[in-house]
Each structure stands twice: as structure tokens, then as C-alpha cells.
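*Asks:* The following comprises the amino acid sequence and a computationally predicted model.
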Protein chains: 2
Amino acid sequence: MTEKSSGVVDLLGVLTYAELTGFLRMAQDATLAPTLADCAALSDLAAAEYAHFRLLRDHLSSLGVNPEEAMAPFTEALDAFHAQTAPGDWLEALVKAYVGTGIAGDFYREAASRVDEKVSDLVDEVLADADRSEFVVERVRAAIEADPKIAGRLALWARRLVGEALSQAQQVAAQRESLALLLTSDPDPADIGRMFARLTEGHSKRMASLGLSATA
Amino acid sequence: MTEKSSGVVDLLGVLTYAELTGFLRMAQDATLAPTLADCAALSDLAAAEYAHFRLLRDHLSSLGVNPEEAMAPFTEALDAFHAQTAPGDWLEALVKAYVGTGIAGDFYREAASRVDEKVSDLVDEVLADADRSEFVVERVRAAIEADPKIAGRLALWARRLVGEALSQAQQVAAQRESLALLLTSDPDPADIGRMFARLTEGHSKRMASLGLSATA
């Protein structure tokens, strides 16, 4: 297998496991919802993650790759991320869902420009669902309006989420050179740094739309 | 609202919440899976429950009924059922998924014959997914073949599941007269008893296909 193709398998592998574990964790977080309508809204997002998982898994199979083997190198980092970021309440669950699907979306976009057309099509299909998490904006803004002092706690929470995500991502990138090569035009750590800077910028915009400060 | 139509709303309400909470619990149980392929298989079943939830909820909305209000009378009984039947390991999770979707299927069939055509169509759509749980048969049979002494424990577990389900169902039927009326041709407790006997018979057949005794 060439370095390029093993990079693609790694990319699909990490995305596939991220969707599976995203589905499982979001379904768990949906039980924190204060109402059945809220529970259904986060369940809907979870079900969309499952649909993405299935698309990615079937694509791996169609490439002749065992999906379980492609996911295996990434389970530890993603499990550690979720273990470190179990939401303590419904608002933390909402912020996590929004931040998580947002960063995942940006990451898919970064990845799409660097892979073959078939994977790009798959990425477009996944990204077509990106608006599903928009219900979070309204819920979080309403909660902050009702009780402005929660904004500080949620902003801290969001920063912790990003910190944990970047920390796990950097470890994965260090261990999987072919993935790092695929994601950067140059195998230069500075280039990886620039990609992370773009991801962080996307995050700041989302924080602003939630009514949270990303840096203060 | 007539007694008949409030019975239909009750029927849809209990099924809708059963699918939502079935989805959430199954997704939680999927984390007990020993392999990623097993986890994905139970996740697939969970995602199907979510799809049924959405169909039922949207049907309630189309009738001008608030889905949350229709579900509300049944959350306590279904939550109690799940609280009493949290699987202790992967095999218990598999048996619960199989028993649960099997009984739900039989219950849908009982209900379909007693409601209007639109609800019947919906029920057919839900039942079209019934084969999704068949992967469980192979997994449980293989586990029993590898270690025959687990059969006794799993058979006891399955009986506890049915016992809890019947106990909750009888309480619901006693509290919701219009639902009981809808489900039986005669508001006679003996008729309800006969329906439960049919459901129990379906369960025994499923136990046999898992290689478990339902009565010994």
C-alpha cells in the first residue's frame, strides 16, 4: 500500500470511528435532556452520526479494507477524548454536540481537498447534514438570556473540549505519519500548526454564534 | 375526542416513546460490545428504532397531536422497565434487544388489526425492519455453543425481561382504559389475558430460536 493510500485509509478510519463513537455518546447525552422534545432533537443528531458511520464503513468495505482494522488505531484517542469530556448537564451536552459536529465538519472540509473524488463525494454527503446542529444555537442562547452567568461556565467548557480535541489530534498525527502527510501539503510541523489554526478559527466563530466568548 | 381516537393516540404515544427510549437504551447497551463490528450491529438496530420513532412522532404531529403530550402518560412505565432491566453484559444486551424488538413487533401486529388504515401502513413500515435483529440469533447461539452453561443464566434473564414487560404493560392497561379497549375486542380482562398469552407464545418461539428454554 502506498503512503497516500494508507493515509486515505487512516483518514477514513478515524472519521468512521469518530462517527460511531459520536453516535453512541450523543445518544447517551440525550438522556440529560430536560424535555422529550429536547431529547428527540439530540437523538436526531445522534442518528445522523450513525448514518455517516454507515456510509464511511461501507466505503471502507468497498475499498477492500476491513472497517474494524481501519478504525482500530484511533479508538484509544477518541475514547480518551470522550472520557475526558463527559457532559455534566444538558447545556454542556448541547455545547459539546455543537462544538464537536462543527470541528468535525471543518476537519472533513480540510480533508476533502486532499483526497480522491470518491472520498470527496462522501464528505459532501456528510456535510450536507451540517445544519442539523443549528437547534443548539437557539437553545444555548435562550439559556444564557435566562441566566447570563452560565455563559462563563459554558465558555470554559467549550475551551476544555477544544483543548482535549487538539491534544488527542496532535498525538494521533504524531503516531500516524501517513495521515499527517495527507492532511498537510508539506510534512512540516508548522503546516500542521496552520491547519489547527484554521480549525480553531472556525471554532471561535461558532462560539460567537452561541453567545460565548472563545478567548476571554 | 372519542374513546376510539383517544385510544389510537394512546397507542401511538406508547409506541413512540417505546421507540425513543429503545433507541437510547440500545445505543447505551452497544457500548458493552466486545468488538467494533458487534457494536456497529447493535448500533444499527438502535438507529432503526430512532427511524421508527421519527415516523411515529411525525404521524402524531400530522394528526394535530402534540407528540410529547401523547408520550407523557407512558414514560414512567417504560423508564421503570428499562431501569429494572439494564443488561449486565453483552449477551444480556443482545437477548434484551432480540426479546424487546420481538415483543414490540408482536404488539404492533396486535395493534395494527384494530386501527385505521393509516396507522396500519405505519405499522407495516416499522415491521419491515423486523429482520434487523436476526444477527442476535447467530451471536447468542455461538456463545452458548462455546460455553453451554450460560444458557441457563440467559434463559432466566429473558424471563425476567418478559416479567417486567408484562408487569408494566398490565399497569398501563389498567390506567389507560381507552388503550385497553382499543387492544381488545371486548373490555373483558380475560380478553386482555388472551392477548398477553399470544404475546407470550411469540416470545417462547423466539427463545427457542436463540437456543434458550422459555419455561424450564
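*Replies:* Sure thing, it's come through. Predicted model only: the values in this text are computed from it and were never measured. Residues are numbered from 1 along each chain as shown, chains lettered A, B, ... in the order given.

*Asks:* going forward, measure contacts and count neighbours with C-alpha atoms only.
*Replies:* OK.

*Asks:* Output the contacting helices and strands for the helix or strand bottoming out on mean pLDDT in chain A.
*Replies:* One helix or strand of chain A scores below all others by mean pLDDT, DSSP states H and E: helix A:177-183, with a mean of 78. If you count contacts as 3 or more CA pairs under 8 Å, 6 or more residues apart in numbering or on different chains; DSSP states H and E, helix A:177-183 packs onto helix A:3-30, helix A:90-112, helix A:150-175.

*Asks:* Mind giving me the packing neighbours of the longest one?
*Replies:* Contacts defined by 3+ CA pairs under 8 Å, 6+ apart place helix A:3-30 against helix A:36-62, helix A:67-84, helix A:90-112, helix A:177-183, helix B:3-30.

*Asks:* Could you tell me the average pLDDT over stretch A:13-26, please?
*Replies:* Along stretch A:13-26, the predicted local confidence has a mean pLDDT of 95.

*Asks:* same check, this time on stretch A:157-173
*Replies:* Averaging the model's pLDDT scores along stretch A:157-173 yields 88.

*Asks:* Which of the residues in that stretch are classified as buried?
*Replies:* Going by neighbour count (16 or more other CA atoms under 10 Å in any protein chain shown), the buried part of stretch A:157-173 is A:157-159, A:161-162, A:164-166, A:168-170, A:172-173.

*Asks:* Can you lay out these as JSON lines showing distance to chain B?
*Replies:* Supplementary listing: these in JSON lines, determined by distance: CA to the nearest CA, whole Å:
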{"residue": "A:157", "distance to chain B": "24"}
{"residue": "A:158", "distance to chain B": "24"}
{"residue": "A:159", "distance to chain B": "27"}
{"residue": "A:161", "distance to chain B": "22"}
{"residue": "A:162", "distance to chain B": "24"}
{"residue": "A:164", "distance to chain B": "22"}
{"residue": "A:165", "distance to chain B": "21"}
{"residue": "A:166", "distance to chain B": "24"}
{"residue": "A:168", "distance to chain B": "20"}
{"residue": "A:169", "distance to chain B": "21"}
{"residue": "A:170", "distance to chain B": "24"}
{"residue": "A:172", "distance to chain B": "19"}
{"residue": "A:173", "distance to chain B": "22"}
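
*Asks:* Next to chain B, which bits of chain A? Give me the list.
*Replies:* Chain A has residues A:20, A:24, A:27-28, A:30-31, A:36-37, A:40, A:43-44, A:47, A:50, A:68 near chain B, with proximity defined as CA under 8 Å from any CA of the partner chain.

*Asks:* Give the buried residues for stretch A:65-85.
*Replies:* By neighbour count, with 16+ other CA under 10 Å as the criterion, the buried positions of stretch A:65-85 are A:67-68, A:70-71, A:73-75, A:77-79, A:81-82, A:85.

*Asks:* Tell me how far the residue most central in space within chain A lies from residue A:123.
*Replies:* Ranked by distance to the mean C-alpha position of chain A (CA atoms, centre = their mean), the top residue is residue A:104 at 3.1 Å. To residue A:123, residue A:104 is 11 Å away according to CA to CA, to the nearest Å.

*Asks:* on that earlier part again, now the helices and strands packed on helix A:3-30 as CSV including distance to residue B:151?
*Replies:* Converted to CSV, those look like this (distance: least, CA to CA, whole Å):
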stretch, distance to residue B:151
helix A:36-62, 32
helix A:67-84, 29
helix A:90-112, 39
helix A:177-183, 46
helix B:3-30, 20
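
*Asks:* ok, residue A:111 to chain B distance?
*Replies:* Taken as CA to the nearest CA, to the nearest Å, the spacing of residue A:111 relative to chain B amounts to 24 Å.

*Asks:* pretty sure that residue contacts residue A:183?
*Replies:* Yes. Residue A:111 is within contact range of residue A:183, at 6.1 Å (criterion: CA atoms under 8 Å).

*Asks:* neighbour-wise, which of the two wins?
*Replies:* When residue A:111 is set against residue A:183 and neighbours are counted by other CA atoms under 10 Å in any protein chain shown, the residue ahead is residue A:183, at 24 against 20.

*Asks:* Contact partners for that one?
*Replies:* Going by CA atoms under 8 Å, 6 or more residues apart in numbering or on different chains, residue A:183 touches A:110-111, A:114, A:192.

*Asks:* Return the distance of residue A:61 relative to residue A:54.
*Replies:* Using CA to CA, residue A:61 is found at 10 Å from residue A:54.

*Asks:* okay, those two: which has more neighbours?
*Replies:* A side-by-side neighbour count of residue A:61 and residue A:54, using other CA under 10 Å, places residue A:54 first with 17 against 13.

*Asks:* returning to that earlier point: so which of the helices and strands packed on helix A:177-183 is nearest residue B:97?
*Replies:* Between residue B:97 and those, the shortest gap by CA to CA is with helix A:3-30, which sits at 16.0 Å.

*Asks:* The closest one: how far from the chain's middle?
*Replies:* Averaging C-alpha coordinates over helix A:3-30 and over its chain gives two centres that are 9 Å apart (CA atoms, centre = their mean, to the nearest Å).

*Asks:* Quick check: buried residues in that helix?
*Replies:* A:6-30.

*Asks:* hang on, the earlier thing: just the closest of the contacts of residue A:183 to chain B, please.
*Replies:* Using CA to the nearest CA, the shortest approach to chain B within the contacts of residue A:183 belongs to residue A:111, at 24.0 Å.

*Asks:* Show the contacting residues for that closest one.
*Replies:* Residue A:111 sits next to A:11, A:182-183 when contact means CA under 8 Å, 6+ apart.

*Asks:* Please verify my assumption that residue A:52 contacts residue A:19.
*Replies:* Yes. In this structure residue A:52 lies within contact range of residue A:19 using CA under 8 Å: 6.4 Å.

*Asks:* now the angle from the helix or strand just after the least confident helix or strand of chain A to helix A:150-175?
*Replies:* The helix or strand immediately downstream of helix A:177-183 is helix A:189-210, counting by DSSP states H and E. Helix A:189-210 and helix A:150-175 are oriented at 160 degrees to each other (axes from the mean of the first three to the mean of the last three CA atoms, to 10 degrees).

*Asks:* Look at residue A:131 and say how many residues are nearby.
*Replies:* Other residues within reach of residue A:131, judged by other CA under 10 Å, total 11.

*Asks:* ugh, wrong one, I meant residue A:141
*Replies:* Other residues lying near residue A:141 total 17 when counted by other CA under 10 Å.

*Asks:* That one reaches residue A:210, doesn't it?
*Replies:* Yes. Between residue A:141 and residue A:210 there is a contact at 5.9 Å, judged by CA under 8 Å.
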